[in-house]
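Visitor: task: produce atomic coordinates for the following.
(one chain, ligands or ions: 1)
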Amino acid sequence: MLDRNKIRDDFPMIKSEEAKGRIYLDSAATSFKPQCVIDKVMDYYTKENANIHRGDYDLSYQVSSEYEEVRKLCAKFLNADSEREIIFTNGASSSLNLVAYGYGQKFLKEGDIILSTEAEHASNILPWFKVQEVTGAKIEYIPLDKEGIFDMEGYKRLLNELGDKVKVITLAHVANVLGNIVPLKEIIEEAHKVGAVVVVDGAQSVPHIKTDVRDLDIDFLCFSSHKMLGPSGVGVLYGKYELLEKMDPFMLGGGSNARFDICGNILLKEPPFKFEAGTPCVEGVLGFGEALKYLMAIGMENVEEEGKELHDYFMKRMLELDNVEVYNPKSETSIVTFNVKGIFAQDAAGYLNSQGIAVRSGTHCAKILLNVIGVSETIRASLYLYNTKEEIDRVIEVLKETTLEKCIGAIL
Ligand SMILES: Cc1ncc(COP(=O)(O)O)c(C=O)c1O
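Guide: Numbers count the residues shown, from 1 in each chain. Sure thing, here's the model as predicted:
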C-alpha cells in the first residue's frame, strides 16, 4: 500500500510553506522531485564535480563509475538485456529524433511506409515528417475510434494490405492527451510478423506503468527523466543492441569516437558511447539514478496499481459533473482531459489557477488529435504518486462552482 502522506513529505514542492494550498495537477508536463534527487544533484556540484570518462584522477573515475551504475540500474528498471542498450539523451524528444534520424533517415526509402497515429505528441510525429521528406517514405495513420482508442482490427487490416512495405511503427504507449494504454504487446507481435521495427514513445507510460522491454519485445523506447521524478535535461533511448549497432548517431564529437585521422576517417565507439558525443548532463543522470531507486523502492507495480485507483476515482467524480465535458473517459493512467462547458479552456485554467490548482490548457502538443476528438483546446489534469483523494475532492468542488463570470473575474 502506497503511503501518500509519507511520500508527500519527500517533496519540497509539496511540504514547503510556499506550497500551502497548491494542488499540482500537471505532472504529465513535468513531475516534482523528491529530496533525494535534489540532494544528489547538489552533491555532484559540492562534492564530486568532474567530467566523466575523461580524467585520470580519482574524482573523475568515481563520478564516471557512478554514471555507469545509473545506466545499469536503468537497464534493470526496464529489464533490458544489457546496459549497452541504454543511451542517455537530453529528453524523450531527443531520443525520438535520434531514432528517426539514425534509423529512419538511414534505412527508409521511397515506397516504404511508417505507421503512426493521430494522437501522437509533436515530438513523435515531426521527426517522422522529416524522414518522409528526406527519404520519400510515407506516413499512414492507424485508425482510432471517436474517443481516440486504438483500433486493433483497423491496424491488422492495414498491416495485411501493406505487408512488408511497413518498415516502422511509431506510437505512444500512453498518449499525452488521451491517457489510454495501447495494447503494445499485440501491436508489436503483429508488427514483427511483417518485419517492421516498433518505436515506442514512453514519455507518459514509463513513469506510471511497469515497462518490461524484453517481455513486450520493444525495438526502441524513448522517455524523459523529468516526468518520472528525475532532473530535466536527461532522457533515455533504449534500443535492441543489434539495431543500435547499425544506427547512425545524431551528433559526432568528443567521447563518441575511438579515433579519427586527418583524412576524415572516423572510427566510432560501440553503442551506447557512439551516441553520446560531448559532455552529458552528468548531474542529471546521477539524479535520475536516485529517481529510479525511489520508484523501484516503492515498486512500479504499486505505482501502477495505486495510480490507476486514484485516476479512476478522479475520472468517476469528473464524469458526475454536469458542467464539465470529459473527452477521454476511457483513459487509464493519470490524465483527465476536459472542458468546463461554455468556457474557453485557457479562461477556466486561469480560474483554477486563482484557486491554487495547476493544470495545463491548450492543444498539449498533439495538434492533429483535433481531427479525432473534434476539439482542439482542452484542459489537461494529470496525477502522480504524491496527489491525494482530498486534493481531487477539492478540485471537484471548485469545478462544480466554476462559472464564466468567475473565470472572467479571475482574468481581470
Ligand atoms: C507523449 C509525449 N511524448 C514526448 C514528449 C516530449 O518529452 P520531452 O519534452 O521531455 O522531450 C512528451 C512531453 O510532454 C509527451 O507527453
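Visitor: roughly how far does I125 sit from the ligand?
Guide: Taking C-beta to the nearest ligand atom, to the nearest Å as the measure, I125 falls 10 Å from the ligand. Just so you know, the C-beta spots here come from the backbone N, C-alpha and C atoms, and that holds for glycine as well.
Visitor: what count of nearby residues applies to the residue lying closest to that residue once chain neighbours are set aside?
Guide: Counting by C-beta to C-beta, 6 or more residues apart in numbering, S116 is the residue found nearest to I125 once chain neighbours are left out, at 6.3 Å. The number of residues packed near S116 is 21, by other C-beta atoms under 10 Å.
Visitor: ditto for K330
Guide: 13.
Visitor: likewise for V131?
Guide: Neighbour number of V131 under other C-beta under 10 Å is 26.
Visitor: please, which helix or strand holds it?
Guide: Per DSSP states H and E, V131 falls inside helix 126-135.
Visitor: let me see the mean pLDDT of the next helix or strand after that helix.
Guide: Downstream of helix 126-135, the first helix or strand assigned by DSSP H and E is strand 138-141. Strand 138-141 shows a mean pLDDT of 97.
Visitor: got it, and stretch 59-74?
Guide: In this model, stretch 59-74 has a mean pLDDT of 97.
Visitor: okay, it in PDB with CA atoms only?
Guide: Once non-C-alpha atoms are left out, stretch 59-74 reads as follows in PDB (Å, rounded to 0.1, in the frame of the first residue of the first chain):
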ATOM      1  CA  LEU A  59      37.200  12.200  -8.700                       C
ATOM      2  CA  SER A  60      36.600  11.700 -12.400                       C
ATOM      3  CA  TYR A  61      36.900   7.900 -12.000                       C
ATOM      4  CA  GLN A  62      34.400   7.900  -9.200                       C
ATOM      5  CA  VAL A  63      31.800  10.000 -11.000                       C
ATOM      6  CA  SER A  64      32.300   8.000 -14.200                       C
ATOM      7  CA  SER A  65      31.600   4.800 -12.400                       C
ATOM      8  CA  GLU A  66      28.500   6.300 -10.700                       C
ATOM      9  CA  TYR A  67      27.300   7.500 -14.100                       C
ATOM     10  CA  GLU A  68      27.700   4.000 -15.500                       C
ATOM     11  CA  GLU A  69      25.900   2.500 -12.400                       C
ATOM     12  CA  VAL A  70      22.900   4.500 -13.400                       C
ATOM     13  CA  ARG A  71      23.000   3.000 -16.900                       C
ATOM     14  CA  LYS A  72      23.000  -0.500 -15.300                       C
ATOM     15  CA  LEU A  73      20.100   0.500 -12.900                       C
ATOM     16  CA  CYS A  74      18.100   1.800 -15.900                       C
END
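Visitor: list the buried residues in it.
Guide: 60, 63-64, 66-67, 70-71, 73-74 (16 or more other C-beta atoms under 10 Å).
Visitor: which one of those is nearest the ligand?
Guide: Set against the ligand, the nearest of the buried residues of stretch 59-74 by C-beta to the nearest ligand atom is C74 (15.8 Å).
Visitor: list the contacts for the closest one?
Guide: 80, 83, 86, 236, 288-289, 292 (C-beta atoms under 8 Å, 6 or more residues apart in numbering).
Visitor: I'd like the residues you listed as TSV, with distance to H311 and pLDDT appended.
Guide: Below are the contacts of C74 laid out as TSV (distance: C-beta to C-beta, whole Å; pLDDT from 0 to 100):
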residue	distance to H311	pLDDT
A80	28	98
E83	32	98
I86	29	98
V236	24	98
F288	25	98
G289	27	98
L292	22	98
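Visitor: kindly report the residues of this structure close to the ligand.
Guide: Residues of the chain lying near the ligand by C-beta under 6 Å from any ligand atom: 91-93, 121, 123-124, 172, 176, 201, 203-204, 224.
Visitor: what about the residue nearest the centre of the chain, which SS state?
Guide: By C-alpha atoms, centre = their mean, the mean C-alpha position of the chain lies nearest to A203, the distance being 0.8 Å. Put simply, A203 is coil when judged by DSSP: H, G, I helix; E, B strand; the rest coil.
Visitor: relative to M152, how far out is it?
Guide: According to C-beta to C-beta, to the nearest Å, A203 and M152 sit 23 Å apart.
Visitor: pull the helix or strand with minimum mean pLDDT from the protein.
Guide: Least confident helix or strand of the chain, by mean pLDDT, DSSP states H and E, is helix 370-373 with a mean of 76.
Visitor: centre of the chain to it, how far?
Guide: Offset of helix 370-373 from its chain centre (C-alpha atoms, centre = their mean, to the nearest Å): 21 Å.
Visitor: got the CA coordinates for it in PDB?
Guide: Extracted C-alpha coordinates of helix 370-373, given in PDB (Å, rounded to 0.1, in the frame of the first residue of the first chain):
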ATOM      1  CA  LEU A 370      -8.400  17.600 -33.100                       C
ATOM      2  CA  ASN A 371      -9.300  15.500 -36.200                       C
ATOM      3  CA  VAL A 372     -10.300  12.700 -33.900                       C
ATOM      4  CA  ILE A 373     -11.900  14.200 -30.800                       C
END
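Visitor: so which bits of it are buried?
Guide: 372-373.
Visitor: so what's the residue count around K227?
Guide: 26.
Visitor: A helix includes it, no?
Guide: No: read with three-state DSSP, K227 is coil and lies in no helix.
Visitor: so what's the nearest residue to it once chain neighbours are set aside scoring on pLDDT?
Guide: Leaving aside its chain neighbours, K227 sits nearest to P207 (5.0 Å; criterion: C-beta to C-beta, 6+ apart). Note for P207: predicted pLDDT of 98.
Visitor: where's P207 relative to the ligand, distance?
Guide: For P207, the distance to the ligand equals 10 Å [C-beta to the nearest ligand atom].
Visitor: and the closest residue to I373 other than its chain neighbours, its phi and psi?
Guide: Counting by C-beta to C-beta, 6+ apart, I373 lies nearest to Y327, which is 5.2 Å off, once chain neighbours are set aside. Backbone geometry at Y327, expressed as degrees, to the nearest 10, gives phi -100, psi -10.
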